[in-house]
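Engineer: Provided below for reference: sequence and predicted model.
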Amino acid sequence: MRVGRAVLVVVLAAALTVTVGIPAAFAQPSPPPPPNPSNQDLQNSRDAVNGRSAQVAQLTGRLADLQAQADDLQIQVAEQHESANAAQDSYDSAQSAADAAAQRAQQARSETEAAGASIDAARTRLDDFIVSTYQGGLDLGPLGLLTSSSGPEDFVDRAQLTEAITQQQTSALDALQRARAEKANADSTARAAQEEADRQAAAAASAKQAADAALDQARQAAAAQAQRLQDVSAQQADVQRQLDAAENSDAGLRAQRQRFDDWQRRQAEAEAARQRAEQQAAAARAGTAPPPSSPSVPRTGGSVQTVIDRAMSQLGVIYAWGGGTARGPSLGIRDGGVADANGDYKKIGFDCSGLMLYAFAGVGIRLPRYSGNQHAAGRQVPLSQMRPGDMLAWARNGRVYHIALYIGNGKMVEAPYSGARVRVSPVRYAGLLPTVARML
């Protein structure tokens, strides 16, 4: 019996050695637990964590609101710029119309002067006729012709001369009347043309005044918005510092809790190992063995993660309007407005759609260049069902003006606007389209 008991002890010891992985004689005692706070201490710690979490949530919401204001200011600057351009076009059109009317008035004045010259010429011809008649001493009446003629032939000649002179006088008078009518018509045309010129000039002056006012208003709005944007950016930086401080404090509380949880987990694992050893020892004694467990294998979405990783790899790259290709950041282009004022055409970076081009090129997807076409290229999924890797788009007046990549947990990566850099931001819901574009 003693020999049998000794053999059983050796078998159990060997089983423990194989199961636990260390010789039973050299097993070390479990490490002492970390300081175990009282129930009140744990409650106070939980309250502190909840309070910090609420503060983080509040600051995050405030940060999103401030950034939405900053983005809207940028849109307003672009709209004011376009309004000023439209007012300038109206002024140019009105000025061109006034110039054309002035040319027509000048032409009418020239015609009036020509008509006056015709009247003067007709009067001169009539005066010459009258003078020559008196100087010649001709008696053009029937009695004069009879008394002064030397015979029938002379009488006929004198009658023909009288007829010719009469026709000449009539022609001169007709020419005078025609010239007078032409002058009246020319004067009327000149007055109408001048009135049109005056109306066009008044319209041009009004349009120019409106254009100047619109331009001045746009400049003032741009300056005010730039100052507001600077103020919002400063507030954003301050909120971010507060958020970082809140997260650091919360992380410290979580780390303290995690250390205790880790110790409990290790204790639980040790207890489970002891129970398995006892089970295996009992099974060995009974001559049976339990089936081994099969741990689950986690799965990952490689394609979506590749898209997100490529976009996230560009964090901090400068915004450049028109910049970004499938190979990476590129030189921006001119837009004739806000982007030019920020010198985007001299920067190497991304705009919003350029960042999407680069991100999806990593999985062999070629997107169109315009953000609206990019959003239309994917399968339209309700916003409530969005998941990482989907594209979010914002529109105003039916036209998409921005696009970003959703990365999960209410966050997105985007190239926001001129003067900013590629960043991770909370999703902004103002102006967001009700569907997302899913490419994968």
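Structural biologist: Everything's here; your move. Residues are numbered from 1 along each chain as shown.
Engineer: now Gly349. Its backbone dihedrals?
Structural biologist: phi -170, psi -150 (degrees, to the nearest 10).
Engineer: from Gly332, how far off is it?
Structural biologist: The gap separating Gly349 from Gly332 is 7 Å, by C-beta to C-beta, to the nearest Å. Backbone N, C-alpha and C define where each C-beta goes, glycine included.
Engineer: overlap in contacts of the two?
Structural biologist: Common neighbours of Gly349 and Gly332 are listed as 320, 323 (criterion: C-beta atoms under 8 Å, 6 or more residues apart in numbering).
Engineer: what are the pairing partners of the helix or strand Gln380 falls within, and which direction each?
Structural biologist: For Gln380, the element it lies in under DSSP states H and E is strand 379-382. The strands beside strand 379-382 in its sheet (DSSP bridges) come out as strand 435-438 (antiparallel).
Engineer: now find how far off-centre the strand it pairs with is within its chain.
Structural biologist: Taking C-alpha atoms, centre = their mean, to the nearest Å, the mean C-alpha location of strand 435-438 is offset from the chain mean by 19 Å.
Engineer: distance from the chain centre to stretch 319-329, please.
Structural biologist: Worked out by C-alpha atoms, centre = their mean, stretch 319-329 lies 16 Å from the chain centre.
Engineer: restricting to C-alpha, output it in CSV.
Structural biologist: Provided in CSV are the C-alpha atoms of stretch 319-329 (Å, rounded to 0.1, in the frame of the first residue of the first chain):
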residue,chain,number,x,y,z
TYR,A,319,-3.9,71.4,-48.0
ALA,A,320,-3.4,72.4,-51.7
TRP,A,321,-6.4,73.0,-53.9
GLY,A,322,-6.3,70.7,-56.9
GLY,A,323,-3.4,68.7,-55.3
GLY,A,324,-3.1,65.0,-54.8
THR,A,325,-2.8,62.0,-57.2
ALA,A,326,-2.9,58.2,-56.9
ARG,A,327,0.9,58.4,-56.1
GLY,A,328,0.7,61.0,-53.3
PRO,A,329,0.6,64.7,-52.8
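Engineer: list the buried ones in it?
Structural biologist: Across stretch 319-329, burial judged by 16 or more other C-beta atoms under 10 Å covers 319-324, 328-329.
Engineer: how is the protein carved up into domains?
Structural biologist: Annotated domains of the chain cover 1-29, 77-217, 302-438 [automatic domain parsing].
Engineer: show the average pLDDT along the longest one.
Structural biologist: Over the span of domain 77-217, the pLDDT mean works out to 77.
Engineer: now do the strands in the stretch 251-400 of the chain.
Structural biologist: Ranges of strands within the stretch 251-400 of the chain are 330-331, 348-349, 379-382, 391-396, 399-408, based on DSSP state E, counting those that start in this stretch.
Engineer: same list (the ones you listed) but as CSV, adding distance to Ser233.
Structural biologist: Compiled in CSV, these are given as follows (distance: least, C-beta to C-beta, whole Å):
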stretch, distance to Ser233
strand 330-331, 26
strand 348-349, 18
strand 379-382, 33
strand 391-396, 20
strand 399-408, 18
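Engineer: of all those strands, which lies closest to Gly431?
Structural biologist: strand 391-396 (4.4 Å; C-beta to C-beta).
Engineer: show me what counts as buried in the closest one.
Structural biologist: Residues of strand 391-396 classed as buried by neighbour count (16+ other C-beta under 10 Å): 391-394.
Engineer: which of the buried residues of stretch 319-329 fall within helices?
Structural biologist: With helices taken from DSSP state H, there is no overlap with the buried residues of stretch 319-329.
Engineer: show me the two of those that sit farthest apart.
Structural biologist: Trp321 and Gly328 (16.5 Å).
Engineer: what are the ranges of the helices in the protein?
Structural biologist: So, for the chain - with DSSP H - the helices run 2-20, 39-136, 142-148, 152-286, 302-312, 338-341, 352-361, 371-377.
Engineer: can you put those helices in a markdown table and add distance to Gly398?
Structural biologist: Converted to a markdown table, those look like this (distance: least, C-beta to C-beta, whole Å):
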| stretch | distance to Gly398 |
| --- | --- |
| helix 2-20 | 70 |
| helix 39-136 | 14 |
| helix 142-148 | 94 |
| helix 152-286 | 23 |
| helix 302-312 | 27 |
| helix 338-341 | 21 |
| helix 352-361 | 18 |
| helix 371-377 | 10 |
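Engineer: most packed of these?
Structural biologist: Mean neighbours per residue, mean count of other C-beta atoms under 10 Å, is largest over those for helix 352-361, with a mean of 25.
Engineer: alpha carbons only: can I get that helix in PDB?
Structural biologist: Once non-C-alpha atoms are left out, helix 352-361 reads as follows in PDB (Å, rounded to 0.1, in the frame of the first residue of the first chain):
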ATOM      1  CA  CYS A 352     -10.300  66.700 -50.200                       C
ATOM      2  CA  SER A 353     -10.800  64.700 -53.400                       C
ATOM      3  CA  GLY A 354      -7.100  64.300 -54.000                       C
ATOM      4  CA  LEU A 355      -6.700  62.500 -50.600                       C
ATOM      5  CA  MET A 356      -9.500  60.100 -51.600                       C
ATOM      6  CA  LEU A 357      -7.700  59.400 -54.900                       C
ATOM      7  CA  TYR A 358      -4.600  58.500 -53.000                       C
ATOM      8  CA  ALA A 359      -6.300  56.400 -50.300                       C
ATOM      9  CA  PHE A 360      -8.300  54.200 -52.600                       C
ATOM     10  CA  ALA A 361      -5.500  53.800 -55.200                       C
END
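Engineer: other SSEs contacting that helix?
Structural biologist: helix 302-312, helix 371-377, strand 399-408, strand 411-414 (3 or more C-beta pairs under 8 Å, 6 or more residues apart in numbering; DSSP states H and E).
Engineer: so for Leu383, which of those sits nearest?
Structural biologist: Counting by C-beta to C-beta, Leu383 lies closest to strand 399-408 out of those; the figure is 9.8 Å.
Engineer: residues contacting Leu243?
Structural biologist: Leu243 makes contact with 56, 59-60, 63, according to C-beta under 8 Å, 6+ apart.
Engineer: got it, and Asn36?
Structural biologist: Phe260.
Engineer: now it: how far from Gly116?
Structural biologist: From Asn36 across to Gly116, the span is 118 Å (C-beta to C-beta).
Engineer: do the same with Asp99
Structural biologist: 26 Å.
Engineer: next one: Ala101
Structural biologist: Taking C-beta to C-beta, one finds Ala101 at 23 Å from Gly116.
Engineer: one more: His81?
Structural biologist: As judged by C-beta to C-beta, His81 and Gly116 stand 53 Å apart.
Engineer: with Leu331 instead?
Structural biologist: The gap separating Leu331 from Gly116 is 67 Å, by C-beta to C-beta.
Engineer: how about Ala186?
Structural biologist: Noted for Ala186: a distance of 9 Å to Gly116, by C-beta to C-beta.
Engineer: same check, this time on Ser303
Structural biologist: On the measure of C-beta to C-beta, Ser303 and Gly116 end up 88 Å apart.
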